[in-house]
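**Q** Have a look; sequence and predicted model below, questions after that.
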Amino acid sequence: MLQVAFIRENKGIVLKGLAKRNVKNAEELIANTLQADEDRRAIQTELDAILAESNKLSKDIGQFFKSGERQKAEILKQKTIQLKEKSKNLTENLQAKANELQELLYLIPNIPNEIVPGGSSEEDNLTVFQEGEIPTLHKGALPHWELAKKYDIIDFELGNKITGAGFPVYKGKGAKLQRALINYFLDKNTAAGYDEVQVPHLVNEASGFGTGQLPDKEGQMYHDAQDNLYLIPTAEVPVTNIFRDVILKENDFPICKTAYTPCFRREAGSYGAHVRGLNRLHQFDKVEIVRIEHPTKSYEALDSMVNHVKGILQELNLPYRILRLCGGDIGFTSALTYDFEVFSTAQDRWLEVSSVSNFENFQANRLKLRFKNNKGKTELAHTLNGSSLALPRILAGLLENCQTPEGIKIPKALVPYSGFEFIN
RNA sequence: GGAGAAUUGGCAGAGUGGUCGAAUGCGGCAGUCUUGAAAACUGUUGAGGGUCACACCUCCGGGGGUUCGAAUCCCUCAUUCUCCGCCA
């Protein structure tokens, strides 16, 4: 959520940013927001004046009662009763106006960074880096879902039976490989200075609002109506919400956290060949990195996160590329996002395995995540997060790119974790 | 699940209807003293709205109510603790 004061003072920048995101009715949206803000402040001022008066009268009444001047007190009482009526109305108006403003603010996405390319769809994302050799596969090479079946390491049908589509069962070396990947990622992240945390997999409404999944993506999360809790779509939600309503000290920065969690996504509206196998699941595993940074350091931090993920993909020997997402494809809350994609050789397409973003103070504003700056003023912090890494598509990439006629050859870096070199 | 107690500023903890945004202690920050530090002493120290700046307004777990006036009384929800029950 943007700060109203920021919108008020930087209308031009905001409109330019919204244009880059192809937001329709941006002019109107901003105009309505500023109007609501102005109205709200006007009502607030009026209400404050009335409250000030009635506070004063109440004190006087107290004095009169003490000094035994009951009649004087009674007269003032009548006055305050009138004020009370007025202030009640104004309070209601204020509440309504504040809600209106809040809802408008929820509709305004983050302002993209200068370097975010224009564009309306994923076609317009900018490839900023690519490395790793795309292997030439042997004859009869298979897509990962066939390999999974052949080696009996992932059972999609069994998941169907137990739960439904998109909830696979990993078996034998498949299950072990999952565990290996999780441990490997966590070890890489902690070695890079991220503190490991284990967090709840269900979150309350306030947390959903804090990181921006609510109200924007309500339908994408599984919801337990009985207790009003949401299954997390990413560890970003519980981990970042650790810092909701927190005022940090300047020397608390940088804060670096990593967490493994399963992720649950309803993926309403997804269909077709692109959701086959591990490409798109309702439940999947992911290791996440989250950073809380001083505003002047957040882009440095973003670069370091990108480099960190790079290092892992290099070590796994997977061909990958990095995209800078365009205005039309970047997430609602993000100011700058880099997507990592691994080439899936047997499917002949790129699969997103990580998304690393700087949210600047957009999340922090909702979270009320602040710090005391060196002038003693509270200021919003910057939040960032990224996958490091998401398992299913890494697994898909590994299975497809590392397949040989003799079986799947596990990358060297993973062998100490998996305990085996081949799946055959 | 049942019974009881509690929830106050960074922490501890006072405050049962007006003079309370809130005593006191600790911690933090600044200063005096010191070669420096410690100790001692002095001052300062919650958040949000509002204002050019003041004024002023709101906030004592969340929400609602009583009252001219609520941290204080009532209702409700949440959380924590103690005892009992059940249990990985």
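**A** Right, received. Where do you want to start? Numbers count the residues shown, from 1 in each chain, chains lettered A, B, ... in the order given.
**Q** switch to C-alpha atoms for all contacts and neighbour counts from now on
**A** OK.
**Q** Which residues of chain A lie near RNA strand B?
**A** A:41, A:44-45, A:47-49, A:51-62, A:65, A:77-78, A:80-81, A:84, A:377-379 (Cα under 7 Å from any atom of the strand).
**Q** Can I have the buried ones of those residues as a PyMOL selection?
**A** Restricted to buried positions by 16 or more other Cα atoms under 10 Å, the PyMOL selection for those reads:
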select buried, chain A and resi 44+47+51+54+57+58+60+61+77+80+379
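**Q** Mind checking which of the residues of chain A next to RNA strand B land in strands?
**A** The strands, defined by DSSP state E, take in A:378-379 from these.
**Q** A:Asp152 should be in a strand, yeah?
**A** No - per DSSP: H, G, I helix; E, B strand; the rest coil, A:Asp152 lies outside any strand segment and is coil.
**Q** unless I'm mixing things up, it is touching A:Ala175, no?
**A** No - in this structure A:Asp152 lies outside contact range of A:Ala175 using Cα atoms under 8 Å: 10.6 Å.
**Q** Under the pLDDT cut-off, which ranges of chain A? List them.
**A** A:269-274 (pLDDT under 70).
**Q** tell me the domain ranges of it?
**A** With domains defined by automatic domain parsing, chain A comprises A:4-107, A:122-423.
**Q** give me every residue that touches the nearest residue to A:Thr234 once chain neighbours are set aside.
**A** Using Cα to Cα, 6 or more residues apart in numbering and skipping the chain neighbours, the partner closest in space to A:Thr234 is A:Cys263 (5.1 Å). For A:Cys263, the contact set (Cα atoms under 8 Å, 6 or more residues apart in numbering) comprises A:231-235, A:282-286.
**Q** most neighbours, which of the residues you listed?
**A** Within the contacts of A:Cys263, neighbour counts (other Cα atoms under 10 Å) peak at A:Ala235, which reaches 28 neighbours.
**Q** Distance from the chain centre to the longest helix anywhere in chain A, please.
**A** For chain A, the helix with the greatest residue count under DSSP state H is helix A:26-66. Offset of helix A:26-66 from its chain centre (Cα atoms, centre = their mean, to the nearest Å): 35 Å.
**Q** Look up how far RNA strand B lies from the residue nearest to A:Thr234.
**A** Remark: distance between A:Cys263 and RNA strand B (Cα to the nearest atom of the strand, to the nearest Å) = 22 Å.
**Q** and stretch A:307-320, how far from the chain's centre?
**A** Its chain's C-alpha centre and that of stretch A:307-320 lie 23 Å apart, by Cα atoms, centre = their mean.
**Q** Check which residues of that stretch are buried.
**A** The neighbour-count check on stretch A:307-320 (16+ other Cα under 10 Å) flags A:309-310, A:312-313, A:316-320 as buried.
**Q** can you map out the strands along the stretch 101-250 of chain A?
**A** A:126-131, A:154-155, A:169-170, A:195-196, A:202-203, A:223-224, A:229-231, A:246-249 (DSSP state E, counting those that start in this stretch).
**Q** winner for burial among these?
**A** Neighbour counts (mean count of other Cα atoms under 10 Å) averaged over each of the strands of the stretch 101-250 of chain A peak at strand A:154-155, with a mean of 22.
**Q** Kindly point out the strands partnered with that strand and how each is oriented relative to it.
**A** Under the criterion DSSP bridges, strand A:154-155 sits next to strand A:169-170 (antiparallel) in its sheet.
**Q** What lies in contact with the strand it pairs with?
**A** Applying Cα under 8 Å, 6+ apart, the external contacts of strand A:169-170 come out as A:153-156, A:158-159.
**Q** how about 6 Å then?
**A** Residues outside strand A:169-170 that contact it (Cα atoms under 6 Å, 6 or more residues apart in numbering): A:153-155, A:159.
**Q** name the element the closest residue to A:Val356 other than its chain neighbours belongs to?
**A** Leaving aside its chain neighbours, A:Val356 sits nearest to A:Gly386 (3.9 Å; criterion: Cα to Cα, 6+ apart). A:Gly386 belongs to strand A:382-390 when assigned by DSSP states H and E.
**Q** That strand - contacts with which helices or strands?
**A** Using 3 or more Cα pairs under 6 Å, 6 or more residues apart in numbering; DSSP states H and E as the contact test, the elements touching strand A:382-390 are strand A:283-293, strand A:349-358.
**Q** how far off strand A:283-293 does it point, in degrees?
**A** Angle, strand A:382-390 to strand A:283-293, by axes from the mean of the first three to the mean of the last three Cα atoms, to 10 degrees: 150 degrees.
**Q** C-alpha coordinates for the next helix or strand after strand A:382-390, CSV please?
**A** With elements assigned by DSSP H and E, the helix or strand that comes after strand A:382-390 is helix A:391-401. C-alpha atoms of helix A:391-401 as CSV (Å, rounded to 0.1, in the frame of the first residue of the first chain):
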residue,chain,number,x,y,z
LEU,A,391,11.3,-27.4,-5.5
PRO,A,392,9.0,-28.8,-8.2
ARG,A,393,10.3,-27.1,-11.2
ILE,A,394,13.9,-27.5,-10.0
LEU,A,395,13.1,-31.2,-9.8
ALA,A,396,11.5,-31.2,-13.2
GLY,A,397,14.6,-29.5,-14.6
LEU,A,398,16.9,-31.9,-12.9
LEU,A,399,15.0,-34.9,-14.1
GLU,A,400,14.8,-33.8,-17.6
ASN,A,401,18.3,-32.2,-18.1
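**Q** Having no further points to raise, I will conclude here.
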